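Q: Next one to model:
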Amino acid sequence: MTATVKPIESSAESCESVNLLYTLIGSDKLYSDKYFPNKNVNQSLIDKVFEDSTSKFLGKSSP
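A: Below is the predicted model of the structure:
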């Protein structure tokens, strides 16, 4: 059984008031969707996504 991950953009639309943070594959640097929108990033490069207000882990992109 394969798990599917919702595209990050659709997740961002559902929580517009919450800033999303994300990491890129091979990097520990945390990027803010507010200042560096993930819609401008190749989605296959995004590794993990977090919700800024709670630091809740929202998901990891599939390989």
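
Q: Poorly predicted segments of this structure, please.
A: 1-17, 54-58, 61-63 (pLDDT under 70).

Q: Okay, strands next: where are they in it?
A: Ranges of strands in the chain, per DSSP state E, are 20-24, 30-32, 46-51, 56-60.

Q: As CSV, these with mean neighbour count would be great.
A: Yep, even glycine has a C-beta here, placed from its N, CA and C like the rest. Converted to CSV, those look like this (neighbours: other Cβ atoms under 10 Å):
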stretch, mean neighbour count
strand 20-24, 19
strand 30-32, 14
strand 46-51, 17
strand 56-60, 13
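
Q: Who does residue 23 form a beta bridge with?
A: residue 30, residue 48 (DSSP bridges).

Q: these two touch, right, it and residue 29?
A: Yes. Counting by Cβ atoms under 8 Å, residue 29 is a contact partner of residue 23 at 6.8 Å.

Q: on that earlier part again, between the strands of the chain, which one is closest to residue 40.
A: Among those, strand 30-32 comes nearest to residue 40, with 10.4 Å by Cβ to Cβ.

Q: OK, contacts around residue 53?
A: Neighbour list for residue 53: 18, 19 [criterion: Cβ atoms under 8 Å, 6 or more residues apart in numbering].
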